[in-house]
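Engineer: Let me see the structure of the following:
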Amino acid sequence: MTTHSSDPGAPVLVGGRRTPIGTAGHGLAGCNVIELTAPVLAAVGAQVAPLGVPIDDVVLGNCLGPGGNIARVSALAAGLGEAVPGVTVDRQCGSGLDAVLQAATRVRAGDADLVLAGGAESASTAPWRCWPPVGSAAPVRYTRAPFAPNGFPDPDMGVAADALARQLGIGRERQDDYAARSHALTFAAQQAGAYDAEIVAVHGVCADERPRAGLDTARLSRLRPSFGIDGTATAGNSCGISDGAAAVGVTTERAAAAAGLPYLRILAAAVAAGPAHLPGLGPAPAVRRLLARPAVIDRGIGIGDVGAVEITEAFASVVLAVVDELGVDLDLVCADGGAIGLGHPWGASGTILLIRLAARMLRDGGPELGLAACAIGGGQGLAMLLERPAG
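Structural biologist: From the prediction side, this is the model:
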């Protein structure tokens, strides 16, 4: 891998805050998506104030919120000012990572100098949705929009995770072993205060709700399958349904360095897609496409050079499938815990990956390169490569 000569106009991440991740129906159940997001945007806005650069836009990801432009409403509620616009994006549970990708693309193109980007989800307050009645039939309630059109298989994510595990031979014991690791790492990180600096308290909730001690393989093995009698995904080796919001600042390296703020370079990103009925495979082609970007090839960077990896732990089988496919060292994956232990607020989770990477990379002796990746309903995957500047 060759050394990097910095590009002053290249996009970088600065700052980053999130709410506690709440279990749906519990501590954050009284907060709608705007009430979750506004405090985070205000906190990140304060973090990036030393840049002395106006906020050009707010880009937020969201899946199941009330509709409308959540980013603009949240920016107003955060007190960022009436001159700050906002746009909301939906790439399902990759939305929070895609929001940052869109912000980075604008900065790299010179169309923005500072964008706040992130995501939010309030599963607790997501509106009930119904298809309109046909003739005399009653309206039909649904919990999610289709991932694929008529004529394509369109399984729910849990059913798809079971199918992926069967196809790749990822057994229940291996999934439970990985989940036990996630629960243990998450609880240990929480107890050590590893998350404290990134959390903004909301409505009196100041800590993640899901982490628990003692969820070892023996206890996890006693849980019943969640998505079919012959399935292997359970409540213990899958993520929790969650509430939460997260955001980061995206600006130029020139601006961050001049302000003396810690930052990480956004080297490359990629989106890919494959079979709609096996979304758990999506991150692997996205990472391969990312590693084929000229900026990455020219540096001679391969997967073995990456020292920290964050993958959304929607299901243990998904993480294991990606690790196997790419040949990633499992010890580098979600080393301070992940969504199995923390929960998965869909629209926010991609941004949480980046905040977790920043915490790992910017600590003393942190790795030079970090990778964030997530699987997305409908067979998509999204990946982003970050670099810590030398010195």
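Engineer: switch to C-alpha atoms for all contacts and neighbour counts from now on
Structural biologist: Will do.
Engineer: need the longest helix for this protein.
Structural biologist: Ordering each helix of the chain by length in residues (DSSP state H) puts helix 172-191 first.
Engineer: for it, the distance to its chain's centre please.
Structural biologist: When distances are taken as Cα atoms, centre = their mean, to the nearest Å, helix 172-191 is centred 18 Å away from the chain's centroid.
Engineer: Run through who's touching that helix.
Structural biologist: The list of residues contacting helix 172-191 from outside it, by Cα atoms under 8 Å, 6 or more residues apart in numbering, reads 195-196, 211-217, 220-221, 232-233, 236-238, 316-317, 320, 334-338, 340-342.
Engineer: Mark which of those residues are buried, thanks.
Structural biologist: Among the contacts of helix 172-191, those classed as buried by neighbour count (16 or more other Cα atoms under 10 Å) are 195-196, 211, 215-217, 220-221, 232-233, 236-238, 316-317, 320, 334-338, 340-342.
Engineer: Tell me which entries of those residues lie within strands.
Structural biologist: Filtering the buried ones among the contacts of helix 172-191 for membership in strands, criterion DSSP state E, returns an empty set.
Engineer: The longest helix of the chain: which residues count as buried?
Structural biologist: By neighbour count on 16+ other Cα under 10 Å, the buried set for helix 172-191 is 172, 174-190.
Engineer: same question, stretch 324-336
Structural biologist: Applying 16+ other Cα under 10 Å to stretch 324-336 flags 326, 328, 333-336 as buried.
Engineer: just stretch 97-110 next, same as before
Structural biologist: 97-108.
Engineer: ok, of those residues, which one's closest to Pro66?
Structural biologist: Closest approach to Pro66 among the buried residues of stretch 97-110 (Cα to Cα): Ala99, at 18.1 Å.
Engineer: On the three-state scheme, the closest one is what?
Structural biologist: Going by DSSP: H, G, I helix; E, B strand; the rest coil, the secondary structure assigned to Ala99 is helix.
Engineer: now the strands for this structure?
Structural biologist: All strands of the chain, identified by DSSP E, fall at 11-18, 22-23, 57-61, 86-89, 114-122, 129-131, 140-142, 242-252, 263-273, 308-311, 369-376, 380-387.
Engineer: Dump these to CSV, plus mean neighbour count.
Structural biologist: Putting the strands of the chain into CSV (neighbours: other Cα atoms under 10 Å) gives the following:
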stretch, mean neighbour count
strand 11-18, 28
strand 22-23, 26
strand 57-61, 30
strand 86-89, 20
strand 114-122, 33
strand 129-131, 13
strand 140-142, 11
strand 242-252, 31
strand 263-273, 22
strand 308-311, 24
strand 369-376, 28
strand 380-387, 26
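Engineer: Take these and write them to JSON lines, including distance to Gly228 and mean pLDDT.
Structural biologist: Converted to JSON lines, the strands of the chain look like this (distance: least, Cα to Cα, whole Å; pLDDT from 0 to 100):
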{"stretch": "strand 11-18", "distance to Gly228": "34", "mean pLDDT": "98"}
{"stretch": "strand 22-23", "distance to Gly228": "23", "mean pLDDT": "98"}
{"stretch": "strand 57-61", "distance to Gly228": "31", "mean pLDDT": "98"}
{"stretch": "strand 86-89", "distance to Gly228": "32", "mean pLDDT": "98"}
{"stretch": "strand 114-122", "distance to Gly228": "27", "mean pLDDT": "98"}
{"stretch": "strand 129-131", "distance to Gly228": "25", "mean pLDDT": "91"}
{"stretch": "strand 140-142", "distance to Gly228": "20", "mean pLDDT": "90"}
{"stretch": "strand 242-252", "distance to Gly228": "22", "mean pLDDT": "98"}
{"stretch": "strand 263-273", "distance to Gly228": "26", "mean pLDDT": "97"}
{"stretch": "strand 308-311", "distance to Gly228": "25", "mean pLDDT": "98"}
{"stretch": "strand 369-376", "distance to Gly228": "21", "mean pLDDT": "98"}
{"stretch": "strand 380-387", "distance to Gly228": "24", "mean pLDDT": "98"}
